[in-house]
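Enquirer: how would this look folded up:
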Amino acid sequence: MAIDLYRIDDRLIHGQVVVGWGQPLNLGFIALVDDEVAGSEWEQELYRMGVPPDMDVYFATPDEASRLLDQWNEDQRPGILLTGDIDTMRRLIALCPSIKTVNLGGIHHRAGRTLKLRYVYLTPQEEEALRALERSGVVVTAQDVPSARAVPLDDVLRGEAER
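Expert: The predicted structure follows:
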């Protein structure tokens, strides 16, 4: 089974991930890759409270995740790997070129970001980082829930997918 989804979602673990993706994929684990959360037992406990007791949650920095990725991929249960931002996913992929797909699941509004989809806002630097991932062979799509159509990166960047 292994990791079925590599997702960027700035809310990290929340209902849409646990229920929206977790139930259809029958998730057994979530690997949350984030420098800050990996170093904070308090934040880890908060995120653990948001998942069912039969679902494991692993916390790691990108460096740690690169060493654990094979182990997670050997797990017989389906899993999701989450990062909270594009830069963290980019760092992980630089360490693990076997990652070939990335899902943009929720990158929300903040200063300097432009609306691309109702759940994706990007700065010009983030757009370029995503283009660089695609140039390196990673397929980048946006999809908030499994029942929605996966939107190709070109459509996301044009902001035309939902018009």
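Enquirer: right, and Thr101 touches Tyr6 too?
Expert: Yes: with contact defined as C-beta atoms under 8 Å, Thr101 and Tyr6 form a contacting pair (6.1 Å). Glycine gets a C-beta too; all of them are placed from N, C-alpha and C.
Enquirer: Looking at these two, which is more packed in?
Expert: Tyr6 (22 against 14; other C-beta atoms under 10 Å).
Enquirer: lowest average confidence, helix or strand, in this structure?
Expert: The weakest-scoring helix or strand in the chain, judged by mean pLDDT, DSSP states H and E, is helix 15 (a mean of 85).
Enquirer: what's next to that one, contact-wise?
Expert: With contacts defined as C-beta atoms under 8 Å, 6 or more residues apart in numbering, helix 15 is touched by Gly50.
Enquirer: now Asp34: how far from Ile8?
Expert: 11 Å (C-beta to C-beta, to the nearest Å).
Enquirer: which stretches of the chain form helices?
Expert: Ranges of helices within the chain are 15, 22-25, 35-38, 41-48, 62-74, 86-95, 124-135, 153-158, based on DSSP state H.
Enquirer: Of those helices, flag the one that's most buried.
Expert: helix 86-95 (a mean of 19; mean count of other C-beta atoms under 10 Å).
Enquirer: Name the single longest strand found in this structure.
Expert: Determined from DSSP state E, the single longest strand within the chain is strand 2-9.
Enquirer: So which residues make contact with it?
Expert: Contacts to strand 2-9, defined as C-beta under 8 Å, 6+ apart, come from residues 16-17, 21, 25, 31, 69, 72-75, 78-86, 88-89, 99, 101-107.
Enquirer: if we go to 6 Å?
Expert: Strand 2-9 has contacts (C-beta atoms under 6 Å, 6 or more residues apart in numbering) with 25, 72-73, 78-83, 86, 89, 99, 102-106.
Enquirer: CA atoms only for it - export them in CSV, please.
Expert: Written as CSV, here are the backbone C-alpha positions of strand 2-9 (Å, rounded to 0.1, in the frame of the first residue of the first chain):
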residue,chain,number,x,y,z
ALA,A,2,2.4,2.7,1.2
ILE,A,3,1.9,6.4,0.8
ASP,A,4,-1.0,7.0,-1.6
LEU,A,5,-0.9,10.8,-1.5
TYR,A,6,1.7,13.5,-1.1
ARG,A,7,-0.3,16.5,-0.1
ILE,A,8,0.5,20.2,0.6
ASP,A,9,-2.2,21.6,2.9
